[in-house]
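S.K.: Okay, here's the prediction I keep looking at, along with the sequence it came from:
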Amino acid sequence: MLKHKTKFNNCGKITAIVILMSFLTRFPVFGEPPTTPPMTSGESGTRQFSEYEVDTLIDDLTTAAEEAIEKAAAEAAKAAALAALEREAAAIREAAQQQAEASKWRSEAETVKRNGIKNAVIAGVICFLGGAAVGGGVIAIYGGR
């Protein structure tokens, strides 16, 4: 049993050493070298471009800028259209809400009007019957002279 224990101790020590070495030492990483055009140095140590390369670069940049401007204009147009649609949808919702409120008030006014007419008819009938009762009582008491 002691034999197995020493194997595990050695394994732990080796693992710890390898982990510490991976933190403390830098291992070189080999990959592809960066792809840059070869430098042609002039007198001042800077690369000299030919007129063709400069014109090509300007044309490429101009084309890229025009495409970017077109994309930005298209995005702005989309945003403006979406904003207009959102405003229109909000206006439609507001109009629908106001129309629902108006129809509610209209139905309430019609109900009040019907109740007012009914109350007026009832009051008229009560007044007529009351007047007839008072008149009949006066005639009965005084004898119609």
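M.R.: Yep, it's here.
S.K.: in the protein, what secondary structure element scores lowest on mean pLDDT?
M.R.: helix 2-24 (a mean of 69; mean pLDDT, DSSP states H and E).
S.K.: Kindly provide the whole-number mean pLDDT of the helix or strand that that one is followed by.
M.R.: Where DSSP states H and E defines the elements, the next helix or strand beyond helix 2-24 is helix 51-142. The average of the pLDDT scores along helix 51-142 is 92.
S.K.: For helix 51-142, name the packing helices and strands.
M.R.: Using 3 or more C-beta pairs under 8 Å, 6 or more residues apart in numbering; DSSP states H and E, no helix or strand is in contact with helix 51-142. Every residue, glycine included, has its C-beta placed from N, CA and C.
S.K.: Use 9 as the first number for this chain going forward.
M.R.: All set: I'll call the first residue 9, so the last point we hit is now helix 59-150.
S.K.: so how far is that helix from its chain's centroid?
M.R.: 23 Å (C-alpha atoms, centre = their mean, to the nearest Å).
S.K.: if I look at the most centrally placed residue in the chain, how far off is residue 72?
M.R.: Nearest residue to the geometric centre of the chain (C-alpha atoms, centre = their mean): residue 94, 10.7 Å. Computed as C-beta to C-beta, to the nearest Å, the residue 94 to residue 72 distance reads 32 Å.
S.K.: cool, and residue 146?
M.R.: In terms of C-beta to C-beta, residue 146 sits 109 Å off from residue 72.
S.K.: Could you do residue 63 as well?
M.R.: Distance from residue 63 to residue 72, by C-beta to C-beta: 15 Å.
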